[in-house]
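Visitor: With the input below, show me the fold.
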Amino acid sequence: MKITLIQGVPFLEISDDCTISFQREWIAHLKALPYDQFGEYIKSAIYPALSDKERMIWNRSTISNLNLHQAIIDYTA
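Guide: Predicted coordinates:
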């Protein structure tokens, strides 16, 4: 899992064929939180903003908060 820029827009790349657009404000907010507190922010801010297709991708994948945290750290380093 990693965050990559595609035409200047950050995307969460879950696997080679599964990506979700990821807003910069989400990255900044999650970076400020310990990964064990991601759940509430994801549930209240990120998940509702995803398209139906992105929600389906999110639900089908196993997204670990620790892996998401590492992807954010790597992206912002």
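Visitor: contacting residues around the residue positioned nearest the centre of the chain?
Guide: Nearest to the mean C-alpha position of the chain, counting by CA atoms, centre = their mean, stands Leu12 at 5.0 Å. By CB atoms under 8 Å, 6 or more residues apart in numbering, Leu12 lies in contact with 1-3, 19-22, 68, 71. All C-beta spots, glycine's among them, are computed from the backbone N, C-alpha and C.
Visitor: buried residues in the helix or strand containing Gly39?
Guide: Per DSSP states H and E, Gly39 falls inside helix 38-41. Within helix 38-41, the residues that count as buried by 16 or more other CB atoms under 10 Å are Phe38.
Visitor: avg pLDDT for the longest helix along the chain?
Guide: For the chain, the helix with the greatest residue count under DSSP state H is helix 65-76. The average pLDDT for helix 65-76 rounds to 95.
Visitor: Show me where the protein has its helices.
Guide: Under DSSP H, the chain gives helices at 24-32, 38-41, 47-49, 52-60, 65-76.
Visitor: how far off helix 24-32 does the longest one point, in degrees?
Guide: Which is helix 65-76. Following axes from the mean of the first three to the mean of the last three CA atoms, to 10 degrees, one obtains 110 degrees for the angle between helix 65-76 and helix 24-32.
Visitor: ok, so what distance separates Arg60 from Ala28?
Guide: Applying CB to CB, to the nearest Å, the value for Arg60 to Ala28 is 27 Å.
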